[in-house]
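In: give me a 3D structure for the following:
(one chain, ligands or ions: 1)
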Amino acid sequence: MFDGLKDKLSGFTSDVEEDVDDDALEAEDEPDADEADGEAPADQPTESEPATDVQPSDGDTAEPAAETEQPQADAEPPSADSEAIGEPATASAPAAEDGDAVPDEDSQSDDATETEADSASEADSSSEEGDDGGRGLAAKAKLMATGKTVIEEEDLQSHLDDLELALLSSDVEMSVANEILDGVKENLTGQTRRRLSSTGNLVRDALRESLYDVINVGQFDFDERVQQAEKPVTIVFTGVNGVGKTTSIAKLARYFEERGLSTVLANGDTYRAGANEQLEKHAENLGKKIITHEQGSDPTAVVYDAVEYAKANDIDVVLGDTAGRLHTSDDLMAQLEKIDRNIDPDMTLFVDEAVAGQDAVNRAREFNDAAEIDGAILTKADADPQGGAAISVAHVTGKPILFLGTGQDYDDLEPFDPEEIVDSLIGE
Ligand SMILES: Nc1nc2c(ncn2[C@@H]2O[C@H](COP(=O)(O)OP(=O)(O)OP(=O)(O)O)[C@@H](O)[C@H]2O)c(=O)[nH]1
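Out: Residues are numbered from 1 along each chain as shown. From the prediction side, this is the model:
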């Protein structure tokens, strides 16, 4: 699911990381003007102020004596997902693992830098080349010793252009792509890479936050809303033909059953020949009651009868199918309005297929404008490498995606969890 998009996001992260770290290494290699003059930089220990933090005799002495001030970035504990990149450096800075006693970058002596680099190059010679995606352990250790690198906007711009292309080619809607780019830029520009964290982690975190912000729009707890609503809860499903509406209704009947809620199905698709048989088949497979009227009758009457049946038989949820339609089909949209007026369903859910990408996003917007929806189900996510619809629908409609269809079986329905989706796209 969404593998193409995952690859593109991962490409963005590694490209930014490589560039920013290259710049940091180059800067590190350039002789400092002060050093060239034979003067120690103001924040480096002088001969009369030997650094005491190079080889702490025990954990308590890890706090550098020569410096009492910690820059803000260093004061934060390393993020939980710090890469193994920290290992060589921690060998000579044991207190760093505590997160609160990381030696100040500015107080690192050259000795400390050499010690870290030396131990890393030893490790390097005994480890396989290229296991870190190209940068040797020695270079990594040097980056760690460099401490912090400010990520400048100009470092980012060409990568942001690439990211924009990657998002658009994955069918992410234009305004959503722009929102993500703005978020990434804002989160990353001026960022400092903390010791024991990698540039890659910073980029991933920035991307994670921006994606989450657009995906999470309008989210509510579907189970809780159903549990708390007065019974029977009526849910009506809309969308175009053939996207998996009927199958999703059947999957939801199974979903509710697993949560101890009973359902009755109502076939409000009185337009299409064969629609009754299709839903009847699902009802039979699942052992559910179904209410149907003959083809051409009023869909509102079918849903009304199902609600009456549910009231009379203590059924918790009414699931009402409707005919597939375009938002421009005036007659069919008028039917939806009539259901709305007369039944006042608890929720109207828009169903479309993730594989339709931009088309699904546009339809979601148009349906929501024509007859307000409460949320969406995206089917066929199992067959969608792009993920554009999954990322865009909530932001464009202001209504959440509630479920993903992930296959053709009744159990192939997953609650849409924005955090899980973002983690699976970016990596935890
Ligand atoms: N791979 C996959 N196929 C799905 C999924 N959901 C539905 N399908 C398949 O999509 C096809 C169409 O599903 P239907 O439920 O008939 O679609 P519909 O929107 O009700 O169609 P109409 O009643 O014709 O409007 C069927 O073959 C389903 O098995 C899904 O999540 N993944």
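In: where does this protein have its least confident helix or strand?
Out: One helix or strand of the chain scores below all others by mean pLDDT, DSSP states H and E: helix 87-92, with a mean of 35.
In: residue of this structure closest to the ligand, please.
Out: Here the chain gets closest to the ligand at one residue, residue 405, 2.5 Å apart by CB to the nearest ligand atom. To be clear about C-beta, it is placed using only N, CA and C from the backbone, and glycine gets the same treatment.
In: what's across from the nearest residue to that residue once chain neighbours are set aside in the sheet?
Out: In this structure, residue 405 finds its nearest non-sequential neighbour in residue 379, 3.4 Å apart by CB to CB, 6 or more residues apart in numbering. The partner list for residue 379 in beta bridges (DSSP bridges) reads residue 353.
In: against residue 253, how distant is residue 285?
Out: Distance check for residue 285 against residue 253: by CB to CB, to the nearest Å, it reads 10 Å.
In: more crowded one of those two?
Out: residue 253 (24 against 12; other CB atoms under 10 Å).
In: what's the closest non-adjacent residue to that one?
Out: Computed as CB to CB, 6+ apart, the closest residue to residue 253 that is not its neighbour in sequence is residue 263, at 4.6 Å.
In: could you double-check that residue 316 sits in contact with residue 256?
Out: Yes. At 7.0 Å, residue 316 and residue 256 qualify as touching, with contact defined as CB atoms under 8 Å.
In: which neighbours do the two share?
Out: 226, 262, 263 (CB atoms under 8 Å, 6 or more residues apart in numbering).
In: closest one of those residues to residue 390?
Out: For these, the residue nearest residue 390 by CB to CB is residue 226; the value is 22.4 Å.
In: which parts of the chain are strands?
Out: 233-238, 263-268, 289-291, 317-322, 347-353, 375-379, 401-405, 413-415 (DSSP state E).
In: nearest to residue 206, out of the ones you listed?
Out: Nearest to residue 206, of all the strands of the chain, is strand 401-405, at 22.9 Å by CB to CB.
In: export that closest one as CSV, just CAs?
Out: Extracted C-alpha coordinates of strand 401-405, given in CSV (Å, rounded to 0.1, in the frame of the first residue of the first chain):
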residue,chain,number,x,y,z
ILE,A,401,-11.2,9.5,5.9
LEU,A,402,-12.6,6.9,8.3
PHE,A,403,-11.7,3.6,6.7
LEU,A,404,-9.5,2.1,4.1
GLY,A,405,-10.6,-0.9,2.1
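In: the residue nearest to residue 253 pairs with what?
Out: For residue 263, the beta-bridge partners are residue 317 (DSSP bridges).
In: which pLDDT value belongs to it?
Out: In this model, residue 263 is scored at 98, pLDDT.
In: the closest residue to residue 213 other than its chain neighbours: neighbouring residues, count only.
Out: Excluding its sequence neighbours, the residue lying closest to residue 213 (CB to CB, 6+ apart) is residue 183, at 6.0 Å. Using other CB under 10 Å, residue 183 has 18 neighbouring residues.
In: what's stretch 383-391 in contact with?
Out: 1-6, 167, 170-173, 176, 180, 211, 214-215, 352-358, 360-361, 364, 378, 381, 401, 404, 416, 421, 425.
In: let me redo that: stretch 293-310
Out: With contacts defined as CB under 8 Å, 6+ apart, stretch 293-310 is touched by 231-232, 234, 236, 264-273, 275-276, 289, 291-292, 315-318, 320, 322-323, 335, 338-339, 342-343, 345.
In: let's see 6 Å
Out: 232, 234, 264, 266, 268, 270, 291, 318, 320, 335, 338-339, 342-343 (CB atoms under 6 Å, 6 or more residues apart in numbering).
In: drop anything exposed from the residues you listed.
Out: Buried members of the contacts of stretch 293-310, scored by 16 or more other CB atoms under 10 Å, are 232, 234, 264, 266, 268, 270, 291, 318, 320, 335, 339, 343.
In: what subset of the residues you listed is also close to the ligand?
Out: Counting by CB under 6 Å from any ligand atom, the subset of those that neighbours the ligand is empty.
In: rewinding a little: quick check, the residue nearest to residue 213 in contact with residue 212.
Out: No. Counting by CB atoms under 6 Å, residue 183 sits too far from residue 212 to count as a contact (9.2 Å).
In: how about the residues of the stretch 301-428 of the chain that lie near the ligand?
Out: Counting by CB under 6 Å from any ligand atom, the residues of the stretch 301-428 of the chain close to the ligand are 324, 379, 380, 382, 383, 405, 406, 407, 408, 412.
In: what separation is there between the second one and residue 286?
Out: Here the criterion is CB to CB. By it, residue 379 lies 18 Å from residue 286.
In: compare those two (neighbour count), which wins?
Out: For residue 379 and residue 286, the more surrounded residue by other CB under 10 Å is residue 379, and the numbers stand at 29 against 16.
In: got a pLDDT number for the more buried one?
Out: At residue 379, pLDDT is 97.
In: quick one: residues contacting it.
Out: Counting by CB under 6 Å, 6+ apart, residue 379 has contacts 243, 244, 353, 405.
In: in stretch 259-273, what counts as buried?
Out: 261, 262, 263, 264, 265, 266, 267, 268, 269, 270, 271.
In: find the nearest non-adjacent residue to the last one, please.
Out: Spatial nearest neighbour of residue 271, excluding adjacent residues (CB to CB, 6+ apart): residue 323 at 3.8 Å.
In: does the one you found touch residue 270 like I think?
Out: No. Using CB under 6 Å, residue 323 makes no contact with residue 270, being 7.1 Å away.
In: what bits of the stretch 101-250 of the chain have low per-residue confidence?
Out: By pLDDT under 70, the weakly predicted segments of the stretch 101-250 of the chain are 101-150, 190-197.
In: all helices of it, in order?
Out: Using DSSP state H, counting those that start in this stretch, the helices of the stretch 101-250 of the chain run over 110-126, 137-146, 153-169, 174-188, 199-215, 222-228, 245-258.
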